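In: Need a 3D model of the sequence below.
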Amino acid sequence: MFLWMVGGPQSFSHVENRFSRSTETVHRKFKEVLNCLCKLAGHNITPRDDTFTTVHARIQDERFWPHFKGAIGAIDGCHIPVTLPSDEVVNHTGRHGFPSQNVMAVCDFDKRFTFVVAGWPGSAHDTRILNDSLVKYAHRFPTPPPGKYYLIDSGYPNREGYLAPYKGQIYHIPEFRNGRKPVGKYEVYNRHSSLRNVVERTSGVLKAKWRILKGVPSFKPRTQKKIIIACMALHNYIPETKLPDEEFDKCDEDE
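Out: All right, here's what the predicted structure looks like:
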């Protein structure tokens, strides 16, 4: 029932009719599964190699090696639309123009989430969320060791362990299409964007698979946050099954 709801998305009433269960049963089971998946997230939303000694095969591609040999993943804010009471809409509306939660997503090059922070309003800046997380979750955050770093976009500041592209240079992938080639060391360096957009592709697969994230219903904010984290735990679980999956397979083909 839970998977049908978050994948659909489907309302509680639709679930009641589809599975011939009472309102009380559907609500209770939804909550039970949600809590179990949030516990799973504590175990499977983590790096596979917490020492970051293994160099991913994608980094060894001639487009990126040896220039990005220290890259261990990417970080970005993922905006998840949410339904809120009218008095909370303004605070949760950011530059995208709709109320959302700004979810900080850290992922590796296998399109797995390795750390997430949900619950921030859509108006919160990505840098603020990262800085707060580095302090608040210092004991759990997968901090890059010396010589390693996360790829970030130009909205974040450059600092040790976090590598942003050169500002003022062309670096978005569409700008190099149709024969446009990078010119000079700064633009060549910004193959950075091709590598960093793994976090965007990962978030795209997440939303395509769990369509409740295209507009989380009007649950309490804490429950909305838990739904987002639960879907991320499910996202990480799917590749472990080794079974075919339409959304993951399509992303791999597009890559």
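
In: just checking, what packs against the longest strand anywhere in the chain?
Out: For the chain, the strand that runs over the most residues, judged by DSSP state E, is strand 71-81. When contacts are defined as 3 or more C-beta pairs under 8 Å, 6 or more residues apart in numbering; DSSP states H and E, strand 71-81 sits against strand 100-107, helix 126-136, strand 149-151, helix 192-196, helix 198-209. C-beta: built from backbone N, CA, C; applies to glycine.

In: Just tell me which of the ones you listed ends up closest to Phe2.
Out: helix 198-209 (13.8 Å; C-beta to C-beta).

In: orientation of the helix or strand following that closest one relative to helix 198-209 in degrees?
Out: Toward the C-terminus, helix 198-209 is succeeded by helix 221-240 as the next helix or strand (DSSP states H and E). Interaxial angle, helix 221-240 versus helix 198-209 (axes from the mean of the first three to the mean of the last three C-alpha atoms, to 10 degrees): 100 degrees.

In: what does helix 221-240 contact?
Out: Helix 221-240 is contacted by residues 3, 6, 33-35, 37-38, 40-41, 44-45, 80, 82, 84, 101, 103, 105, 110-113, 116, 118-119, 202, 205-206, 209-210, 212-213, 216, 219, 245, 248 when judged by C-beta atoms under 8 Å, 6 or more residues apart in numbering.

In: Now do it: distance to the chain's middle.
Out: From the chain centre to the centre of helix 221-240 is a distance of 10 Å (C-alpha atoms, centre = their mean, to the nearest Å).

In: remind me, longest helix of this protein?
Out: Secondary structure of the chain read by DSSP state H shows that its longest helix is helix 23-44.

In: how close does Ile129 get to Asn91?
Out: 15 Å (C-beta to C-beta, to the nearest Å).

In: And those two? Which one has more around it.
Out: Taking other C-beta atoms under 10 Å, Ile129 and Asn91 do not tie; Ile129 has more neighbours (18 against 13).

In: Export only the CA atoms of the longest strand of the chain, formatted as CSV.
Out: Presented in CSV, the C-alpha positions along strand 71-81 are these (Å, rounded to 0.1, in the frame of the first residue of the first chain):
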residue,chain,number,x,y,z
ALA,A,71,36.3,13.8,-6.6
ILE,A,72,34.2,11.6,-4.4
GLY,A,73,30.7,12.8,-5.2
ALA,A,74,28.5,15.9,-5.6
ILE,A,75,26.3,18.1,-3.5
ASP,A,76,23.3,20.2,-4.4
GLY,A,77,20.0,21.4,-3.2
CYS,A,78,16.9,19.5,-4.5
HIS,A,79,13.6,21.4,-4.3
ILE,A,80,10.7,19.1,-3.4
PRO,A,81,7.3,20.8,-3.9
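
In: Next, the angle helix 198-209 makes with that strand.
Out: Going by the same axes, to 10 degrees, strand 71-81 makes 40 degrees with helix 198-209.

In: quick check: mean pLDDT across stretch 225-233?
Out: Confidence for stretch 225-233, expressed as mean pLDDT, is 97.

In: tell me which element Trp120 is part of?
Out: strand 113-121.

In: Low-confidence bits of this protein, can you list those?
Out: Low-confidence segments of the chain (pLDDT under 70): 167-190, 252-255.

In: okay, which residue is most central for it?
Out: Residue closest to the average C-alpha location in the chain (C-alpha atoms, centre = their mean): Ala105, at 3.9 Å.

In: State the distance from that one to Ile59.
Out: Distance of Ala105 to Ile59, given as C-beta to C-beta: 19 Å.

In: try Arg222
Out: Using C-beta to C-beta, we find Arg222 at a distance of 38 Å from Ile59.

In: Between those two, point out the one with more neighbours.
Out: For Arg222 and Ile59, the more surrounded residue by other C-beta under 10 Å is Ile59, and the numbers stand at 19 against 9.

In: isn't the more buried one right up against Asp110?
Out: No. Taking C-beta atoms under 8 Å as the definition, Ile59 is not a contact partner of Asp110, at 11.8 Å.
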